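>>> could you work out the structure for the sequence below:
(one chain, ligands or ions: 1)
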Amino acid sequence: MTGSLTIAGLGPGDAALVTPEVSAALDAATDVLGYTPYVARVPARDGLTLHPSDNRMELQRAGDALRLAAEGRSVVMVSSGDPGVFAMAAAVFEALEASPQWQNLSIRVLPGVTAMLAAAARAGAPLGHDFCAINLSDNLKPWPLIEKRLRLAAEADFAIALYNPRSASRPEGFARALEILKDAGCGERTIIFAHAVTTPRERIDILPLREATVDMADMATLVIIGNSATRRVGRWVYAPRRVS
Ligand code: SAH
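The predicted model follows:
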């Protein structure tokens with residue numbers, strides 16, 4: 001039996017946003033690996049072994065998945081949202097680079113609806129013009145690089161999606177990000193806090209950035225800052241398609 005590794009995105013939370021392609025991969029899997037809360041979204045069944053693991057064990061988890069696939073198992077590695085956006089796909093390729101014996105394994109990456117797109121859809125179309133996405137977690141990169149990217153994104157007038165805006169271990173990071181954006185002249189821009197989008201705990205707050213406070217974001221929040229042309233129409237927020 002030939003093994004395979006499928007790296008799949010489960011979308012932002014709602015089962016209706018799991019793609020049919022990902023559902024089919026899960027139906028055919030013998031083993032599912034991933035961060036515990038994501039593995040918990042996969043229904044248990046006979047013939048399927050679930051391997052939940054801690055968030056900080058990405059490279060080990062990636063190596064485990066490759067080893068199981070090499071043993072002939074049908075392995076699915078799950079991420080929330082899209083697996084290529086601040087998630088497991090890159091970790092698997094990093095592990096693969098370090099392990100030449102596995103480089104002929106059958107590997108697929110199946111896209112998912114990333115949090116940024118689910119959040120934008122709730123607000124309207126704030127990513128309708130040029131935008132960028134920045135991960136505010138400094139686990140895997142130095143904080144000064146995050147500050148530089150925020151400043152340059154503001155200067156370039158991108159709409160900005162912020163992943164991992166705030167964690168208990170790093171409460172000051174998001175406060176600093178708001179300060180940088182205000183200093184860069186973004187105080188009048190629209191900011192969207194999209195909490196637990198597409199889950200029963202969903203909550204969307206839309207306000208001017210100068211009124212934003214740190215406690216509006218937590219680890220289940222995706223933040224979008226509009227560009228300078230972003231407008232409101234009724235309850236909707238959108239970036240006009242034409243910018244002069
Ligand atoms: N691969 C994921 C992102 C992982 S990083 C994706 O493509 O969506 C984790 C961050 O994603 C969280 O801190 C939060 O900023 C965001 N996120 C994930 N799911 C979310 C949801 N349902 N609602 C709001 N933000 C979410």
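
>>> in the chain, what residue is nearest the ligand?
Gly81 (2.0 Å; Cβ to the nearest ligand atom). All C-beta spots, glycine's among them, are computed from the backbone N, C-alpha and C.

>>> could you find the closest non-adjacent residue to that residue?
Using Cβ to Cβ, 6 or more residues apart in numbering and skipping the chain neighbours, the partner closest in space to Gly81 is Thr114 (4.2 Å).

>>> close to the ligand: what parts of this protein are there?
12-13, 79-82, 85-87, 114-115, 119, 163-165, 194, 196-199, 219-222 (Cβ under 6 Å from any ligand atom).

>>> repeat that for 5 Å
Contact residues, the chain versus the ligand (Cβ under 5 Å from any ligand atom): 12-13, 79-82, 85-87, 114-115, 163-164, 197, 219, 222.

>>> related to what we said a few turns ago, separation between the residue nearest to Gly81 and Tyr163?
With distances taken as Cβ to Cβ, to the nearest Å, Thr114 is found 9 Å from Tyr163.

>>> ok, those two, which is more surrounded?
Thr114 (25 against 20; other Cβ atoms under 10 Å).

>>> right, and the more buried one touches Ser79 too?
No - counting by Cβ atoms under 8 Å, Thr114 stays clear of Ser79, with 9.7 Å between them.

>>> any common contacting residues for the two?
Common neighbours of Thr114 and Ser79 (criterion: Cβ atoms under 8 Å, 6 or more residues apart in numbering): Gly9.

>>> overlap in contacts of Thr114 and Tyr163?
Residues touching both Thr114 and Tyr163 (Cβ under 8 Å, 6+ apart): Val85.

>>> pull out the buried positions in the helix or strand hosting Pro144.
Assessed by DSSP states H and E, Pro144 sits inside helix 143-155. Within helix 143-155, the residues scored as buried using 16 or more other Cβ atoms under 10 Å are Ile146, Arg149, Leu150, Ala153, Ala154.
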